[in-house]
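S.K.: prediction below, plus the sequence it came from.
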Amino acid sequence: AVERAIRIKEIESECSIALLSDRSPGMSVFDHELPIEEPEHALTDKVENLDRSPFEQTLFLDTDTFVVDEQAFDELWGLLERAPLAAAFDIARSGQTGRQDIIDSQPPTSFPMLNTGVLLYEQPAVDPLIERWREIHDEYVQQGEPNINDQIAFRRALWETDFPFTVLPPEYNFIVPSPQ
């Protein structure tokens, strides 16, 4: 998280950065440090804490995200004038599951799977979506799927709430294969 924050400050020095974590990084690169008191150390932590952002407009980045160039920020915020949420397609549909009951509760396959590692959103407009996402994710965890991908619940929450969103282009979710 520290390396990512330093990189963002290099690109966009005026950008305020908040860290949600169960431990302090011990560096002053973050403008806000929001403790996660009882972390699960799982995807649940993201779903449970996303609405704690101290900003009205938030660009949430998973810690495995790397910002490449400043143009990524230049036009991004204007998207929130069109919709209170923007996310990139998850082209791999990484949230697939073999559980038939979860498959049956999902939207049609024609409805996109969005990646939740890069989310641009506006509060409080997005709060009802986050609350529904949390409820669905908790439902799956209680049904015996503690490590279920949060994107499955996010997709269903988008569908059920009919929440307005826009899609980020693929370069906002360019996945580099990990070295073996």
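M.R.: Everything's here; your move.
S.K.: mind listing the strands for this protein?
M.R.: Using DSSP state E, the strands of the chain run over 18-21, 32-35, 57-61, 85-89, 114-122, 166-168.
S.K.: ok, the first one: who's next to it in the sheet?
M.R.: What it means is strand 18-21. Each strand pairing with strand 18-21, determined using DSSP bridges, is listed with its direction: strand 32-35 (parallel).
S.K.: grab the CA positions of the strand it pairs with and hand them over as PDB.
M.R.: Written as PDB, here are the backbone C-alpha positions of strand 32-35 (Å, rounded to 0.1, in the frame of the first residue of the first chain):
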ATOM      1  CA  HIS A  32      -6.100   9.500   6.500                       C
ATOM      2  CA  GLU A  33      -5.600   6.200   8.200                       C
ATOM      3  CA  LEU A  34      -8.800   4.400   9.100                       C
ATOM      4  CA  PRO A  35      -8.300   1.300  11.200                       C
END
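S.K.: could the strands of the chain go into CSV alongside mean neighbour count, mean pLDDT and distance to Leu129?
M.R.: Every residue, glycine included, has its C-beta placed from N, CA and C. Shown next, in CSV, are the strands of the chain (neighbours: other C-beta atoms under 10 Å; pLDDT from 0 to 100; distance: least, C-beta to C-beta, whole Å):
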stretch, mean neighbour count, mean pLDDT, distance to Leu129
strand 18-21, 18, 92, 18
strand 32-35, 14, 92, 20
strand 57-61, 18, 94, 13
strand 85-89, 21, 94, 7
strand 114-122, 22, 94, 8
strand 166-168, 16, 95, 14
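S.K.: possible to save those as CSV with distance to Val176?
M.R.: Putting these into CSV (distance: least, C-beta to C-beta, whole Å) gives the following:
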stretch, distance to Val176
strand 18-21, 23
strand 32-35, 28
strand 57-61, 15
strand 85-89, 14
strand 114-122, 13
strand 166-168, 17
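S.K.: figure out which of those strands is closest to Glu12.
M.R.: If you check each of those against Glu12 by C-beta to C-beta, strand 57-61 wins as the nearest, at 9.9 Å.
S.K.: would you mind writing the CA trace of that closest one as PDB?
M.R.: Listed in PDB are the C-alpha atoms of strand 57-61, where the atom choice follows Å, rounded to 0.1, in the frame of the first residue of the first chain:
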ATOM      1  CA  GLN A  57     -15.600  11.200  -4.400                       C
ATOM      2  CA  THR A  58     -13.400   8.100  -4.000                       C
ATOM      3  CA  LEU A  59     -11.200   6.200  -6.300                       C
ATOM      4  CA  PHE A  60     -10.800   2.800  -4.500                       C
ATOM      5  CA  LEU A  61      -7.700   0.800  -5.500                       C
END
